[in-house]
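Engineer: sequence? don't have it. structure:
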């Protein structure tokens, strides 16, 4: 029951922060959370969180139903593949993450146009510099969250921060 | 999900399947049905998030552009000051022309007057004007505007003088009350029109009138004229208002409303004997 409550609060908070940060810096907190929490929380709760948040984001951002979910699932598949080459815990592990963030900002509008059957290749040529900046900011927040996660999961040695 | 003792994660594949399913559902009429409850619950949350984001974003932009705002503000301040100065000069010139025109229409040609500008109004119903002994003014001279009495010079400097207005507490004059319909022409015979004689006294922001005959038919709106040996000429002070209606009293009293607000005057004329 407590997990349901936590999930509900998480979704509300995520939607609020998503709209807040989209308005300020135009970057998504959702994709950072998805990549950061992947394989770190129970599959069921992760699935529910991603599914409902993606559904709600499609609704409130007036995108085609399933756009966020499709983008995120493609990213997760790519993430699985990238981890075969570069382990998550490796120092180079942030490189595929950066690429995934860039892909997220490119694929989201592309899949949206695709879902509406208005395939618009021009979308892929949107402000690349802006996308890179957003991806770098997202990566910074991701690294920060990663450190916080590791700190909290250090079990009994909370005063120490483990740097890998 | 467990397979051969090791945990296998197929969440991403399930999500992919779900997303494809959702995209197909999104192309049907079910799209609106699914979206409606989420929209109903989460639109306010999004709205609040967007509003806060806009506020922070606007403040951030304003802070980044602070220097340009300051420059713009200073430039506009200078522009406004310049426009005000130009306009006020034109207004003053026009008002001076108007007052001079009005004044020359009603004064008697044999009298001489010194034109003067009002410099300042004091808190004690006095006015500082920009003429003094060098212009031939002396203490006791009468300050007028056309046929309207404005005050008496109480202190004369070399290039400035102090005028005591009728509202000053030390101002007392003998007056007569006449009907408001009388014409103040040159051959005007005042004695035939007098309703009552009286005394006026200043009371800071108003002029009190007392000692009007109890049997006189004075009424609100009647004209109050100064007929005092200190002034010499018969000049207009104002209109009678708030006449008392106490039958037990031996006289009537009331207030005098000046012909115009003294603070609106810019140019006055000092009668030079």
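Structural biologist: Sure, I can see it. Given the structure is predicted, the values throughout are model-derived calculations rather than measurements.

Engineer: sketch out the low-pLDDT regions of chain B for me.
Structural biologist: For chain B, residues meeting the criterion pLDDT under 70 lie at B:1-8, B:88-89, B:92, B:95-96, B:98-109, B:184-188.

Engineer: who's in contact with residue A:31?
Structural biologist: Under the criterion of C-beta atoms under 8 Å, 6 or more residues apart in numbering or on different chains, the neighbours of residue A:31 are A:72, A:75, A:100-101, A:104, A:138. Yep, even glycine has a C-beta here, placed from its N, CA and C like the rest.

Engineer: return only those of the residues you listed found close to chain B.
Structural biologist: When the contacts of residue A:31 are checked against chain B using C-beta under 8 Å from any C-beta of the partner chain, the ones in range are residue A:72.

Engineer: tally up the residues packed near residue A:128, please.
Structural biologist: Under the neighbour criterion other C-beta atoms under 10 Å in any protein chain shown, residue A:128 is assigned a count of 12.

Engineer: please identify the helix or strand for the residue minimising distance to the centre of chain A.
Structural biologist: A centroid search over chain A (C-alpha atoms, centre = their mean) returns residue A:31, at 1.4 Å, as the residue closest to the centre. Assigning secondary structure by DSSP states H and E places residue A:31 in helix A:29-37.

Engineer: swap in residue A:74?
Structural biologist: Residue A:74 belongs to helix A:67-85 when assigned by DSSP H and E.

Engineer: got a list of what the closest residue to chain A within the stretch 51-200 of chain B touches?
Structural biologist: Distances between the stretch 51-200 of chain B and chain A by C-beta to the nearest C-beta are smallest at residue B:53, namely 2.7 Å. With contacts defined as C-beta under 8 Å, 6+ apart, residue B:53 is in contact with A:19-24.

Engineer: can you get me a residue count around the residue lying closest to residue B:231 once chain neighbours are set aside?
Structural biologist: When the adjacent residues along the chain are set aside, residue B:231 lies closest to residue B:142, with 5.5 Å between them (C-beta to C-beta, 6 or more residues apart in numbering or on different chains). Using other C-beta under 10 Å, residue B:142 has 23 neighbouring residues.

Engineer: got it, and the one 4 residues further on?
Structural biologist: Under the neighbour criterion other C-beta under 10 Å, residue B:146 is assigned a count of 18.

Engineer: what about it, distance to residue B:132?
Structural biologist: Residue B:146 sits at a distance of 23 Å from residue B:132 (criterion: C-beta to C-beta, to the nearest Å).

Engineer: before we move on, back to that, got a markdown table for the contacts of residue A:31, with pLDDT too?
Structural biologist: Converted to a markdown table, those look like this (pLDDT from 0 to 100):
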| residue | pLDDT |
| --- | --- |
| A:72 | 93 |
| A:75 | 93 |
| A:100 | 93 |
| A:101 | 92 |
| A:104 | 92 |
| A:138 | 90 |
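
Engineer: if you rank the contacts of residue A:31 by neighbours, which is first?
Structural biologist: For the contacts of residue A:31, neighbours were counted by other C-beta under 10 Å; the highest total belongs to residue A:72, with 28 neighbours.

Engineer: who's in contact with that one?
Structural biologist: Applying C-beta under 8 Å, 6+ apart to residue A:72 gives the contacts A:30-31, A:34, A:50, A:54, A:104, B:15, B:19.

Engineer: again, 7 Å this time
Structural biologist: Residues in contact with residue A:72, defined by C-beta atoms under 7 Å, 6 or more residues apart in numbering or on different chains, are A:31, A:34, A:50, A:54, B:15.

Engineer: who wins for most neighbours among the contacts of residue B:53?
Structural biologist: With neighbours taken as other C-beta under 10 Å, the top of the contacts of residue B:53 is residue A:19, carrying 24 neighbours.
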